[in-house]
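Enquirer: Just the structure for this:
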Amino acid sequence: MAAEEADEMSPQMALAHYLEHLIGVFSERQLEVLRMSEFVREREHELHDAKERAKRAISQQLTEVDEDVLDRLIALFQSVETERQDGEEGSLPSSERMDAFRVAFAEVSNELPEGIAQTYAESILNSMRPAVGVTFLYGSMLTTLVGELEVFINLIARVAFEYNPEPLTQSEKKFTWAEISAHNSIDEMRDELVDSIVKNLLRKGLPDWMSFFQDRFGLSENKAAKSLDAREAIQRRNCVVHNGSKVSQAYIDNLPDLKTKVKVDDDLKVDADYLAKAADSLFMVAYSLTWALATKALDDREALGRAIGALGDRTMFLIQEGRLDLVKQISQAAPHRELEKTPELEELSWILRINRWLAFKECGEFHKIRGEVEAFNARSKDDRYKMAKAALLDEIDEAVEFARSLLARGELKPAHILTWPLLKNVRDHTDWS
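Expert: Numbers count the residues shown, from 1 in each chain. All right, here's what the predicted structure looks like:
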């Protein structure tokens, strides 16, 4: 949002737009981390490629690499390792197998210049060990995910003080006359105080962050921050950064409700699946905090509708991005009864429900909620809801009829037909050009 646009808005509407911007940026940056994790997952075999790793190691020591000899030696080492792991009945005794290996190794390595067979052997052995580079990459992505939440907390705390500076009076910081006189204005002094409070906040942990918003600004409890998944992701990140991706005593102490039994120095695995789950749990924390601040700070109905509507639209974007489990979690956690009490917000409740149903359908689990969709009384609502119900139930002809009517009245845009995940079957069924 451009500065001049913000200047033309009321403070309430400017806050609504900024909250929309914050959660949008957070979502986009999470998506980039998840995209990178999938990129690594798809290429793990390349990162683990024994030949390429051995070849690189040899080339760092020798001017030339005999790839034919390298291939044969790798095959020889791998055959011994396979036999050792399989332990099949009738396999050669260990001593005989090793004698056979020595003979074969000598035969192949004789084709190399004298004195470099050992370099090949050591490089191959090292290359056959699991590549820690993949572990480093996934660990760094988890660190980034948690770091992005910290950035989000930093920014939303500052905007919370902008909307309500009253909690600054709770600060215990005292200024000397020299410090006061060093500032050009009260605003400058206030900014320094906010900066000091937020910096101190970020040195603490997730429970303290949430208590800060509840105690200082009266925000509702952030249940997402109490989830085991969110707390565990942050603790695992701490172990990645400070304990070599191994369980620490702090990890155990801070997660007393952990269902999996672990002990100090156990490995903590991070992979693409774990990152997707961690990202969802951390997103729920940010999403819930944005919701809580919007409903607390925005008295203007138009501004509140803008902020909460943007949070509803975010679930559609998440479906487009394939984050279906996250959409289910958001709808499940939404205060539907409270939303239905306010006419301006009742529509959001149904948007979240419909997107939840769509998420189930997209992941092949529509049978679990089909009864809910069939029981949805769309007759009492406008044609958008009737179209949505028909599309969910694959009543395509009826959905197309409603869509054409809505287009004719200007209540549905051609871009919606092309982009809404809900209308995928509808747009595939008819030529909309």
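Enquirer: Low-confidence ranges, the stretch 101-250 of the chain, go.
Expert: For the stretch 101-250 of the chain, residues meeting the criterion pLDDT under 70 lie at 169-189.
Enquirer: Identify the residues contacting the residue nearest the centre of the chain.
Expert: Using Cα atoms, centre = their mean, the residue of the chain that lies closest to the mean C-alpha position is residue 279, 2.3 Å off. Residue 279 makes contacts with 30, 33, 34, 145, as judged by Cβ atoms under 8 Å, 6 or more residues apart in numbering. Backbone N, C-alpha and C define where each C-beta goes, glycine included.
Enquirer: and those, which of them are in helices?
Expert: 30, 33, 34, 145 (DSSP state H).
Enquirer: Name the member of those residues with the shortest distance to residue 118.
Expert: residue 33 (41.9 Å; Cβ to Cβ).
Enquirer: if I look at that closest one, how far off is residue 390?
Expert: Spatial separation of residue 33 from residue 390 under the definition Cβ to Cβ, to the nearest Å is 37 Å.
Enquirer: Now do the helices in the stretch 301-433 of the chain.
Expert: For the stretch 301-433 of the chain, the helices defined by DSSP state H, counting those that start in this stretch occupy 301-320, 324-333, 336-340, 343-362, 370-375, 383-392, 396-408, 414-419, 424-429.
Enquirer: whoops, the stretch 101-250 of the chain was the one
Expert: Assigned by DSSP H, counting those that start in this stretch, the stretch 101-250 of the chain shows helices spanning 117-127, 132-163, 177-181, 186-202, 206-217, 228-242, 249-254.
Enquirer: Could you dump the ones you listed into JSON lines and include distance to residue 345?
Expert: Shown next, in JSON lines, are the helices of the stretch 101-250 of the chain (distance: least, Cβ to Cβ, whole Å):
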{"stretch": "helix 117-127", "distance to residue 345": "59"}
{"stretch": "helix 132-163", "distance to residue 345": "20"}
{"stretch": "helix 177-181", "distance to residue 345": "45"}
{"stretch": "helix 186-202", "distance to residue 345": "30"}
{"stretch": "helix 206-217", "distance to residue 345": "21"}
{"stretch": "helix 228-242", "distance to residue 345": "26"}
{"stretch": "helix 249-254", "distance to residue 345": "36"}
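Enquirer: can these go into TSV with extra columns for mean neighbour count?
Expert: Formatted as TSV, the entries for these read as follows, by neighbours: other Cβ atoms under 10 Å:
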stretch	mean neighbour count
helix 117-127	17
helix 132-163	18
helix 177-181	9
helix 186-202	14
helix 206-217	18
helix 228-242	20
helix 249-254	14
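Enquirer: Go through the ones you listed and name the closest to residue 42.
Expert: helix 132-163 (11.8 Å).
Enquirer: which secondary structure elements does the closest one contact?
Expert: Identification of packing neighbours for helix 132-163 by 3 or more Cβ pairs under 8 Å, 6 or more residues apart in numbering; DSSP states H and E yields helix 11-42, helix 44-47, helix 186-202, helix 206-217, helix 228-242, helix 272-297.
Enquirer: tilt between that helix and helix 206-217?
Expert: 10 degrees (axes from the mean of the first three to the mean of the last three Cα atoms, to 10 degrees).
Enquirer: before we move on, back to that, now the helices and strands packed on helix 132-163 as TSV including distance to residue 401?
Expert: Compiled in TSV, the helices and strands packed on helix 132-163 are given as follows (distance: least, Cβ to Cβ, whole Å):
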stretch	distance to residue 401
helix 11-42	34
helix 44-47	48
helix 186-202	54
helix 206-217	47
helix 228-242	43
helix 272-297	35
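Enquirer: Next, count neighbours for residue 82.
Expert: Residues contacting residue 82 under the criterion other Cβ atoms under 10 Å number 10.
Enquirer: pLDDT averaged over the host helix or strand of it, what's the number?
Expert: Using DSSP states H and E, residue 82 falls within helix 67-86. For helix 67-86, mean pLDDT is 80.
Enquirer: and if you look at stretch 41-51?
Expert: Mean per-residue pLDDT for stretch 41-51: 81.
Enquirer: and if you look at stretch 311-324?
Expert: pLDDT averaged over stretch 311-324 equals 95, rounded to a whole number.
Enquirer: outside of that stretch, which residues touch it?
Expert: The contact list for stretch 311-324 (Cβ under 8 Å, 6+ apart) reads 20, 23-24, 27, 31, 280, 283, 287, 290-291, 294, 326-327, 330-331, 348, 351-352, 355-356, 358-360, 362-363, 419-422.
Enquirer: For those residues, which ChimeraX command selects only the ones that are buried?
Expert: Buried residues within these, as defined by 16 or more other Cβ atoms under 10 Å, are selected in ChimeraX through the command that follows:
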select :20,23,27,31,280,283,287,290,291,294,326,327,330,331,348,351,352,355,356,358,359,360,362,420,421,422
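Enquirer: on that earlier part again, tell me which of the helices and strands packed on helix 132-163 sits nearest to residue 406.
Expert: Ranked by Cβ to Cβ, the member of these that lies closest to residue 406 is helix 11-42, at 25.0 Å.
Enquirer: Give me the distance from the closest one to the chain's centre.
Expert: Between the mean C-alpha point of helix 11-42 and the mean C-alpha point of its chain there is a distance of 9 Å (Cα atoms, centre = their mean, to the nearest Å).
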